[in-house]
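A.B. asks: Based on what follows, work out the 3D shape:
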Amino acid sequence: MVSVQRRRGQKARVWKTVEVVDQRGNTVHVADPTSPIDVRAAFIPQRSARAEVPGQQQINVARMIVDAHLQGVSLWSRVEYNGATWDVVSPPAYHHGDRRTRHWSLDIRERP
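C.D. replies: As a prediction, this is how the structure comes out:
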């Protein structure tokens, strides 16, 4: 079932993490703005908090299940899905199995 959802899943764009040197000479990790990767993934809602009073933030967290061939994604990566930008909030977890079922799962949070 998981492989069907990933193959026919929803489209998303992922920016891998790269190391760059900032203006102070420090090596930092950032999402690579020059090379987004288009993927198909399954999205499972995890939790959300609705803003009920003006000034509060709405928090949406979802789990993204993507093919095992995606490399270079970490906590500093970005995801564009459903017209919004999302941050990776937990380290990607690799789930090993046979060729059809192995995948990465990422928890992502919608940016305010």
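
A.B. asks: which parts of stretch 99-112 are buried?
C.D. replies: H103, W104, S105, L106, D107, I108, R109, E110 (16 or more other CB atoms under 10 Å). For glycine as for every other residue, the C-beta is placed from the backbone atoms N, C-alpha and C.

A.B. asks: what distance separates that stretch from the centre of its chain?
C.D. replies: In terms of CA atoms, centre = their mean, to the nearest Å, the centre of stretch 99-112 is set 6 Å apart from its chain centre.

A.B. asks: who's in contact with it?
C.D. replies: Identification of contacts with stretch 99-112 by CB atoms under 8 Å, 6 or more residues apart in numbering yields 2-3, 6, 46, 57-68, 70, 73, 79, 81, 84-90, 92-97.

A.B. asks: Let's test this: mean pLDDT of it, rounded?
C.D. replies: For stretch 99-112, mean pLDDT rounds to 86.

A.B. asks: Alright, calling it a day.
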